[in-house]
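> With the input below, show me the fold.
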Amino acid sequence: MANASATIVQRVWNYCHVLRDDGVSYGDYLEQLTYLIFLKMADEQSKPPFNRPSGIPAGLDWPSLLSRDGDALEAHYRHILETLGKGSGMLGVIFRKSQNKIQDPAKLRRLLQLIDEEIWTGMDIDIKGEIYEGLLQKNAEDVKGGAGQYFTPRALIVAMVQVMRPEPDKTLCDPACGTGGFLLAAYDYINHNYALDREQKRFLRYNALKGQDIVDSVARLCAMNLYLHGIGGEESPITVGDSLLSDSGERYDMVLTNPPFGRKSSMTIVNGEGKADRAALVYEREDFWATTSNKQINFVQHIKTLLKINGRAAMVVPDNVLFEGGAGETIRRKLLHECDLHTLLRLPTGIFYAQGVKANVLFFDRKRASERPWTERLWIYDLRTNQHFTLRTNPLGEEDLQGFINCYHAENRHDRQETERFRAFTYDELLQRDKVNLDIFWLKDDSVEDSANLPDPDVLAREIAENLQAALEQFSSIYEELGSA
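Sure thing, here's the model as predicted:
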């Protein structure tokens, strides 16, 4: 199966290099593939043995593309995209604001032939999913224009899902879903770890999973990714919009997410003289503990709101959420008191496509109001100190997270044991720290102690660059705050 999907990925992807000469980026190519494969699958499903009614209006379907050539083909393709983009449900998400980026009709025709050669509906769902995820991975690896910022390392997603253990008949949300990695991993986990009856399978496919992303093109890729894995029907589980803008009122049993990196939410304001200025975007919400323009801190608050009572969350956050003063301190105090913030995973550097990222995973459960703080102790696993990863030569693998999975002890997390990398800190100990700083480490950095055992130069250079990038972001935020004061 892996070989079959890898062959198709390579064949479809190789054609992208032909289009690169025409200025079509990897992301643009992946979007065009999304539109065309969707149209091809809709056509296949309208024929035997499926004989399902097609959601694509006649004259805007796959055969109507195949019957044209030259300029007439390009014009008709543009017409299809524009018309379907006005639809609702799954069609609306897939084709919203869609545009044709392949201007050469001959090359568009060749791409149609490539897609027409495969029977997409007849493929095993796993193969279709693998093909599309393979294309998403290649897109993320494109450093210049790829969607790496929307891509969470597969090994990290799998580890987070393994310790969180999503269950049948429960709802799960990712409010910054990117290309859908967490939603798909949760879907696979439930499918493979439980004997589901018919109703449970139906619920999992149509009702269990919800995602949102602020970027149209990313939501499109996510919706298509889920669709190819057999998730969703005429209505898409993915919506487009700013998750932080308001409380939708919906509550979930679990939230798994990696919100986009970048400290500040901002918007461009153009004054009467036509001069543009960036202004911090502050979200005023009654359900938030504090008002701030720090996007990550706002996501922490938003996820608390999204959870049902006793709902569980695992979210990736940058280091500044652990130590920043002001609103950051307020949020940490509230999180420790009103939720059970039980686990923190310090992630190594060099595992994200975005440069300069030092990140962690917070695990917490929402609880009922109580005078007594819900957090008794915070367990911290340090996977950062003396760990050196790079995206290409030494990528993070599932085996690298096995130590954390074992220590997490998902069977009964109240029965944990301290190790060299895993330590517990009581609620009182945390509150005594300056600004309730949760950026805690205790292992000695071997490279400081032993200069003979320094990591490879490329790893060292990357770590230096990431440290400088992180410092630059902090200086920039201080400058912004001084400017707005």
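> count of neighbours near the closest residue to Thr292 other than its chain neighbours?
Distances taken as Cβ to Cβ, 6 or more residues apart in numbering place Ala327 nearest to Thr292, at 3.7 Å, with adjacent residues excluded. C-beta here means a position set from N, CA and C on the backbone, and glycine is covered the same way. Ala327 has 18 neighbours, counted by other Cβ atoms under 10 Å.
> got the contact list for Ala327?
Each residue near Ala327 by Cβ atoms under 8 Å, 6 or more residues apart in numbering is listed here: 290-292, 294, 297.
> Quick one: the helices in the stretch 201-350 of the chain, in order.
Applying DSSP state H, counting those that start in this stretch to the stretch 201-350 of the chain gives helices spanning 216-228, 295-306, 320-323, 327-338.
> Can you point out the buried residues in the first one?
If you call a residue buried by 16 or more other Cβ atoms under 10 Å, then helix 216-228 has these buried ones: 217-228.
> Give me the nearest residue to Phe404, chain neighbours excluded.
Tyr381 (4.9 Å).
> what is the mean pLDDT for stretch 432-452?
In this model, stretch 432-452 carries a mean pLDDT of 81.
> That stretch: which residues count as buried?
Residues 436, 438-440, 447 are the ones in stretch 432-452 that count as buried (16+ other Cβ under 10 Å).
> before we move on, the earlier item: what subset of the contacts of Ala327 is buried?
For the contacts of Ala327, buried by 16+ other Cβ under 10 Å: 290, 292, 294, 297.
> hmm, back to that, looking at the buried residues of helix 216-228, spot the one nearest Gln45.
Tyr227 (11.5 Å; Cβ to Cβ).
> From Trp289, how far out is the spatially most central residue of the chain?
Note on the chain: the residue nearest the mean C-alpha position is Gly178, at 3.8 Å, using Cα atoms, centre = their mean. With distances taken as Cβ to Cβ, to the nearest Å, Gly178 is found 26 Å from Trp289.
> Apart from its neighbours in sequence, what residue is nearest Glu31?
Ser217 (6.1 Å).
> pLDDT wise, what is the one you found at?
pLDDT for Ser217: 86.
> How about the one 10 residues further on?
Model confidence at Tyr227, given as pLDDT, is 86.
> and what of Glu480?
Predicted confidence (pLDDT) for Glu480: 54.
> Would you agree Val158 is in contact with Leu396?
No - using Cβ atoms under 8 Å, Val158 makes no contact with Leu396, being 10.7 Å away.
> neighbour count winner among the two?
Per other Cβ under 10 Å, whichever of Val158 and Leu396 has more neighbours is Leu396, with 22 against 16.
> Work out for me the element the residue nearest to the more buried one when sequence neighbours are not counted sits within.
Leaving aside its sequence neighbours, Leu396 sits nearest to Ile351 (Cβ to Cβ, 6+ apart; 4.5 Å). Counting by DSSP states H and E, no helix or strand carries Ile351.
> What's the separation between Ile351 and Gln387?
10 Å.
> what do you get for Asp242?
From Asp242 to Gln387 the distance is 35 Å (Cβ to Cβ).
> neighbour count winner among those two?
Gln387 (19 against 13).
> my guess is the more buried one meets Pro348, correct?
Yes - contact criterion Cβ under 8 Å: Gln387 and Pro348 qualify, at 4.1 Å.
> OK, contacts around the closest residue to Pro105 other than its chain neighbours?
Among residues not flanking Pro105 along the chain, Glu74 sits closest, at 4.6 Å (Cβ to Cβ, 6+ apart). Counting by Cβ under 8 Å, 6+ apart, Glu74 makes contact with 100, 102-103, 105, 108.
> at 7 Å instead, please
100, 105, 108 (Cβ atoms under 7 Å, 6 or more residues apart in numbering).
> which residues of this protein fall in strands?
In the chain, the strands defined using DSSP state E lie at 172-174, 209-213, 238-240, 252-257, 266-270, 276-280, 307-318, 339-346, 359-366, 377-382, 422-426.
> for those strands, which one sits closest to Tyr29?
strand 209-213 (19.8 Å).
> so that closest one versus helix 216-228, what angle?
Computed with axes from the mean of the first three to the mean of the last three Cα atoms, to 10 degrees, the direction of strand 209-213 lies at 160 degrees from that of helix 216-228.
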